[in-house]
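A.B. asks: just need the structure, nothing else, for what follows:
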Amino acid sequence: MIRFVLRFFGLLLLALGFIFLVYDGIRSISDGSILLTKTSYVWVVIHERSLTAFQSMIERKAGPDIWQVVLGPLLDQLASAIFCLLGVVLIVLGRKKKPLIGYARD
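C.D. replies: Just a heads-up that it's a prediction; the model follows:
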């Protein structure tokens, strides 16, 4: 059951990444310059207060360096790339195990 849920959310994230890729492409073609959507922008549009709460929680529990070095640059990446990467990770985690040939599985 958990593998199904992981694969389901992985496919949803892959679809969302593809949607953002098409969205960025359409915006870039219509404007005549390259326009890319950042992950932080998507989070701010969806729910801004949760981003500030998450930032303050990370800075309080793990230190401000973790936010500045790891999570800040991660949120500045392309939304399509981050969603596709998370989707692939979830799909790989939820994949079915290959049957062993000639061995009994315990």
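A.B. asks: can you report phi and psi for the residue most central in space within the chain?
C.D. replies: Using C-alpha atoms, centre = their mean, the residue of the chain that lies closest to the mean C-alpha position is F83, 3.3 Å off. As for F83, its main-chain torsions (degrees, to the nearest 10) stand at phi -70, psi -40.
A.B. asks: okay, and the residue nearest to it when sequence neighbours are not counted sits in which element?
C.D. replies: Leaving aside its sequence neighbours, F83 sits nearest to G17 (C-beta to C-beta, 6 or more residues apart in numbering; 3.6 Å). In this view, the C-beta of every residue, glycine as well, is placed from N, C-alpha and C. In the assignment (DSSP states H and E), G17 maps to helix 2-31.
A.B. asks: quick one: buried residues of that helix?
C.D. replies: The neighbour-count check on helix 2-31 (16 or more other C-beta atoms under 10 Å) flags L6, R7, G10, L13, L14, L16, G17, F20, L21, D24 as buried.
A.B. asks: show me what that helix is packed against.
C.D. replies: Judged by 3 or more C-beta pairs under 8 Å, 6 or more residues apart in numbering; DSSP states H and E, the packing partners of helix 2-31 are helix 79-93.
A.B. asks: low-confidence stretches in the protein?
C.D. replies: When residues are selected by pLDDT under 70, those of the chain lie in 103-106.
A.B. asks: what's the domain layout of it?
C.D. replies: Domain assignment for the chain by automatic domain parsing gives 1-35+79-95, 38-77.
A.B. asks: the last one: how far from the chain's middle?
C.D. replies: Put simply, domain 38-77 sits 13 Å off its chain's centre (C-alpha atoms, centre = their mean, to the nearest Å).
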